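Student: Output the structure for:
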Amino acid sequence: MDVPNVNLFLGYAENLRGKDTQSKFVKDHFDERRFYSCSKDYNYVTYVNNGSKEKLDYVSYSGNNEKSTGVFNQNGLLNNEMIKELKTSLNNTESVIWHGVISFTEEFGNSYCDTYEKALNLMNKEFPKFLKNAKLDPDNICWFAGLHVNTDNKHIHFSFYEKAPLRLKRYSDTKHYSDGMLPQKAIDKFKESMELRLLNNFSDIIEKRKTLTLEMKKQIELGVFMKKIHSLIFILPTLGRMSYESENLKQYKPQINDVVNSIITSNKDINKKFITFESLLSKRDEEIKNIYTRMKVDYSDKLVQDKIISDIYRRLGNIVLFSIKEICKEQQKLEYETKKRLVLKHIEKAKKKVLLNKCFQLNDLVNREIISAFQEYIDKLEKAEYTRLKEEGYLN
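Tutor: From the prediction side, this is the model:
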């Protein structure tokens, strides 16, 4: 059986004010409440903010030499004054104080949640949905968290409480706080949605794509694929629709793809980067298969590798075709204006200069278009993913 990439523990510390101080339950839980409500010198906020060198009481997941990236809330990292205010509010609240840890398998955490920025984005996107599924009002919740990175398994410690009592007691107009028990279904959905969120975050892919396009630019400056574009100019039809998917150009797709391939495989370094890029997509597909298999949901329309690679070739193919069209226009204009006063050799030299200049412009278009293509794809994927999960009852 596949091991989940994301695991979640969630508990809570009750408010013991006004309780029988002689009761065994109160005695057993009094120090725990003090730890999470920050009424002790060393408390949960301090631990989340700084990490710890040893396992602590009440903390269900910790390792040796834990190091934190800092405590944060939905607005970002907290400074010392904000942390002081947070501790005061925790000490004063009459709400139960929930506390938990989101832990990742070693490879998954290192790949997808290894920075404070990624942890913040994950919490901001998925935590409010969890609260709604748990029948809590996100606007009535104060929460904080911290990513701990020095252990084998990176993990996020978090805590939250209700700002005001909102639940009505039966046969009464009096409102009270939650009793602390949250639906297991909501917790399970939170784990699944976090894993999907991280798997569908293509920012790492986009960064690799940016690096790749910079390498491409160096090759364009050397005129690596100029010859292929020049050859393509003479075989493409001059009439009809000029787009990669048009019926008019269907038979020329291999030649158009050959130009795109020449950008990618122009040298060993670039080719190696692209192979790594494809491997990253393949790995992402395998992880998506695993999580949807566990959820017993069809994943056939969720796989991304073929879609993204095809989209790259379509986008780049259209840019190549647009550039060829512009090259032809400028060369024809140049030939018409100069053929009366220049010998053929000079005309051809001028036309090659047009071709070179257009190849420089083509690189800039490729760079902008490829980033745009990824962003559009990511947005559509996230929207489709949310809609599907909602329709299938995974989200309320």
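Student: Could you pull out the helices in the stretch 1-150 of the chain for me?
Tutor: Using DSSP state H, counting those that start in this stretch, the helices of the stretch 1-150 of the chain run over 24-36, 44-50, 80-92, 106-112, 116-133.
Student: Quick check: which of the ones you listed is buried the most?
Tutor: helix 44-50 (a mean of 22; mean count of other C-beta atoms under 10 Å). To be clear about C-beta, it is placed using only N, CA and C from the backbone, and glycine gets the same treatment.
Student: Can you lay out the helices of the stretch 1-150 of the chain as TSV showing distance to Tyr252 and mean pLDDT?
Tutor: Converted to TSV, the helices of the stretch 1-150 of the chain look like this (distance: least, C-beta to C-beta, whole Å; pLDDT from 0 to 100):
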stretch	distance to Tyr252	mean pLDDT
helix 24-36	67	83
helix 44-50	59	93
helix 80-92	61	96
helix 106-112	39	85
helix 116-133	42	94
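Student: who wins for proximity to Gly180 among the ones you listed?
Tutor: Closest of the helices of the stretch 1-150 of the chain to Gly180 is helix 24-36, at 11.5 Å (criterion: C-beta to C-beta).
Student: which helices and strands does the closest one pack with?
Tutor: strand 6-13, strand 97-104 (3 or more C-beta pairs under 8 Å, 6 or more residues apart in numbering; DSSP states H and E).
Student: Tell me which of those strands is the most buried.
Tutor: strand 97-104 (a mean of 23).
Student: Alpha carbons of it, in PDB - could you do that?
Tutor: The C-alpha trace of strand 97-104 is given here as PDB (Å, rounded to 0.1, in the frame of the first residue of the first chain):
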ATOM      1  CA  ILE A  97      -6.700  25.700  21.500                       C
ATOM      2  CA  TRP A  98      -6.200  23.300  18.700                       C
ATOM      3  CA  HIS A  99      -2.600  22.300  17.800                       C
ATOM      4  CA  GLY A 100      -1.300  20.100  15.100                       C
ATOM      5  CA  VAL A 101       1.500  19.100  12.800                       C
ATOM      6  CA  ILE A 102       1.500  18.500   9.000                       C
ATOM      7  CA  SER A 103       4.400  16.200   8.300                       C
ATOM      8  CA  PHE A 104       5.800  15.200   4.800                       C
END
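Student: taking the mean pLDDT, what do you get for it?
Tutor: Strand 97-104 carries an average pLDDT of 95.
Student: Tell me what angle that strand forms with helix 116-133.
Tutor: If you take axes from the mean of the first three to the mean of the last three C-alpha atoms, to 10 degrees, strand 97-104 sits at 130 degrees to helix 116-133.
Student: Parallel or antiparallel, list what pairs with strand 97-104.
Tutor: For strand 97-104, the paired strands and their directions (DSSP bridges) are strand 6-13 (antiparallel), strand 155-162 (antiparallel).
Student: got JSON lines for those strands, with distance to Phe35 and mean pLDDT too?
Tutor: Shown next, in JSON lines, are those (distance: least, C-beta to C-beta, whole Å; pLDDT from 0 to 100):
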{"stretch": "strand 6-13", "distance to Phe35": "8", "mean pLDDT": "93"}
{"stretch": "strand 155-162", "distance to Phe35": "11", "mean pLDDT": "96"}
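Student: quick one on the thing from earlier: any idea which of the helices of the stretch 1-150 of the chain gets closest to Lys67?
Tutor: Smallest distance to Lys67 across the helices of the stretch 1-150 of the chain (C-beta to C-beta): 8.3 Å, for helix 44-50.
Student: Show residues contacting the closest one.
Tutor: Counting contacts by C-beta atoms under 8 Å, 6 or more residues apart in numbering, the residues outside helix 44-50 that touch it are 35-36, 38, 56, 58-59, 68, 70-71, 78, 83, 86-87, 90, 99, 144-146, 157-159.
Student: what about the helix or strand containing Asn257, average pLDDT?
Tutor: If you go by DSSP states H and E, Asn257 is part of helix 253-264. For helix 253-264, the mean per-residue pLDDT is 81.
Student: Kindly export it (C-alpha atoms) in CSV.
Tutor: Taking Å, rounded to 0.1, in the frame of the first residue of the first chain, the C-alpha atoms of helix 253-264 are listed here in CSV:
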residue,chain,number,x,y,z
LYS,A,253,4.1,19.7,-38.3
PRO,A,254,7.1,17.4,-38.4
GLN,A,255,9.2,20.2,-39.9
ILE,A,256,7.8,22.8,-37.4
ASN,A,257,8.5,20.4,-34.5
ASP,A,258,12.0,19.9,-35.9
VAL,A,259,12.6,23.6,-35.4
VAL,A,260,11.3,23.5,-31.9
ASN,A,261,13.5,20.4,-31.2
SER,A,262,16.5,22.3,-32.5
ILE,A,263,15.9,24.9,-29.8
ILE,A,264,15.8,22.2,-27.1
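Student: Tell me the first helix or strand C-terminal of that helix.
Tutor: Next along from helix 253-264, by DSSP H and E: helix 268-295.
Student: which parts of that next one are buried?
Tutor: 270, 273-274, 277, 280-281, 284-285, 287-288, 290-292, 295 (16 or more other C-beta atoms under 10 Å).
Student: Out of those, the closest to Arg241 would be?
Tutor: Proximity of those to Arg241 (C-beta to C-beta) peaks at Phe274, which lies at 29.5 Å.
Student: so what pLDDT did the closest one get?
Tutor: In this prediction, Phe274 carries a pLDDT score of 70.
Student: Kindly report the same for the one 4 residues further on.
Tutor: pLDDT recorded at Glu278 is 78.
Student: ok, now Lys383?
Tutor: On pLDDT, Lys383 comes in at 65.
Student: Over to Leu16?
Tutor: You'll see Leu16 listed with a pLDDT of 82.
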